[in-house]
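**Q** Coordinates only, no sequence provided:
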């Protein structure tokens with residue numbers, strides 16, 4: 001395996017020309033352009049599903065290329081089967097044999113086996129190395145995303161692909177470049193995987209720090225039900241669409257929860273709430289608990305601390321918990337709820353209807369916890385924050401290096417397949 005050097009200086013082609021295509025820019029003088037429709041047949045919807053069943057088999061991935069076999073967080077299936085629109089994310093690729101002819105179809109967003117919500121690009125000729133076009137599609141998709149307003153869901157129609165131009169070079173050079181990128185991206189992906197595992201480990205250790213801290217003084221504290229520490233529970237409010245008047249107010253959603261830091265990210269959602277009750281307006285020290293939504297890996301019940309003076313409300317999938325600060329500090333209870341959540345104790349109080357989890361907060365708060373005195377709570381909070389700061393610093397460094405690697409991978413693919421660098 002060759003050593004990966006992010007600072008390597010690459011050779012360039014001696015002569016270049018303007019491709020006339022914005023996302024390609026200048027390309028080597030002897031490279032050509034071709035419409036995708038001249039290189040691939042597009043199989044969509046039911047035809048794509050049938051092709052997959054007949055020739056690919058079930059849940060098989062031959063080769064080292066990714067196939068999206070279901071909805072995932074980053075590569076969700078967003079297609080509209082009726083209009084054949086597809087989410088603009090990375091293509092997938094696999095190899096199969098149709099009759100005696102080797103073919104390498106590309107799959108654009110869809111379940112790998114029986115899904116009708118996918119699009120296949122099947123090479124028309126054997127001189128087409130799908131890997132080369134696979135790598136080009138990253139740049140093509142990115143250029144299309146950049147042209148779509150941020151508030152709209154990126155989508156792609158077959159007609160967009162039909163009129164799209166890509167670089168075309170000799171089959172030998174296609175294979176040469178593809179082999180090179182296969183090796184380099186594999187090396188990068190291996191490093192990325194290691195860094196992702198390190199991030200997971202750091203997050204797990206940070207959770208352990210919180211859990212150990214809040215349970216360290218169990219023998220010295222008194223026990224009691226959570227509900228006896230709570231002054232009030234107020235439901236959130238969604239309101240109406242913004243009207244750009246005095247009743248417009250920021251609305252913190254579950255999507256804004258920063259679970260790792262038990263806080264929240266910047267709130268951008270604006271809703272209109274006339275005759276708003278003061279009880280619904282968030283106050284510094286409020287604890288916000290997700291009561292509806294969730295999923296298999298992230299069940300409802302996650303809690304964060306609202307530690308801001310900014311005026312806002314929270315959405316109706318959230319409950320606002322206000323505690324008796326003579327008995328318990330909000331920060332301590334948030335840490336304790338995090339400890340309970342990590343042990344999945346909250347799942348006992350979840351009811352699920354039509355795929356949505358609902359938490360019975362009042363029953364959940366009948367749980368018994370150990371409560372140290374206020375001074376001890378303060379000491380625990382200070383200890384946790386100090387240790388979390390250390391882990392946060394380490395996490396930021398690893399996340400930054402991960403971001404650099406991903407940017408380098410994207411840049412390398414783009415520069416090689418468009419002829420900005422010579423291999």
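**A** Right, received. Where do you want to start? All of these numbers come straight from a predicted model, not from anything done at the bench.
**Q** which residues in the protein form helices?
**A** 36-39, 45-51, 130-146, 158-162, 171-215, 330-342, 361-364, 374-417 (DSSP state H).
**Q** Would you mind checking which of those helices scores lowest on average pLDDT?
**A** Sorting the helices of the chain by mean pLDDT places helix 45-51 lowest, at a mean of 52.
**Q** quick revisit: just name the most buried of the helices of the chain.
**A** Per residue and on average, the most neighbours among the helices of the chain fall to helix 330-342, with a mean of 22 (mean count of other CB atoms under 10 Å). Where C-beta positions appear, they are placed from N, C-alpha and C, glycine not excepted.
**Q** Need the pLDDT of residue 295.
**A** For residue 295, the predicted pLDDT is 78.
**Q** The residue nearest to it when sequence neighbours are not counted and residue 422: what is the separation?
**A** Excluding the flanking residues, the one nearest residue 295 by CB to CB, 6 or more residues apart in numbering is residue 357, at 7.6 Å. Look at residue 357 and residue 422: by CB to CB, to the nearest Å, they are 54 Å apart.
**Q** again, but for residue 174
**A** With CB to CB as the criterion, residue 174 and residue 422 are 15 Å apart.
**Q** What residues does the closest residue to residue 332 other than its chain neighbours make contact with?
**A** Of all residues not flanking residue 332 in the chain, residue 377 sits nearest, at 4.3 Å (CB to CB, 6+ apart). Counting by CB atoms under 8 Å, 6 or more residues apart in numbering, residue 377 touches 328, 329, 331, 332, 371.
**Q** related to what we said a few turns ago, okay if I get the helices of the chain as TSV plus distance to residue 19?
**A** Output for the helices of the chain, formatted as TSV (distance: least, CB to CB, whole Å):
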stretch	distance to residue 19
helix 36-39	15
helix 45-51	30
helix 130-146	12
helix 158-162	18
helix 171-215	16
helix 330-342	53
helix 361-364	59
helix 374-417	12
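**Q** Please name whichever of the ones you listed is nearest to residue 261.
**A** helix 374-417 (7.6 Å; CB to CB).
**Q** Just give me how far the closest one sits from the chain centre.
**A** 16 Å (CA atoms, centre = their mean, to the nearest Å).
**Q** returning to what we had before: looking at the helices of the chain, which is closest to residue 122?
**A** Nearest of the helices of the chain (CB to CB): helix 45-51, 7.4 Å.
**Q** rewinding a little: which stretch among the helices of the chain comes nearest residue 235?
**A** That would be helix 361-364 among these, by CB to CB, at 9.3 Å.
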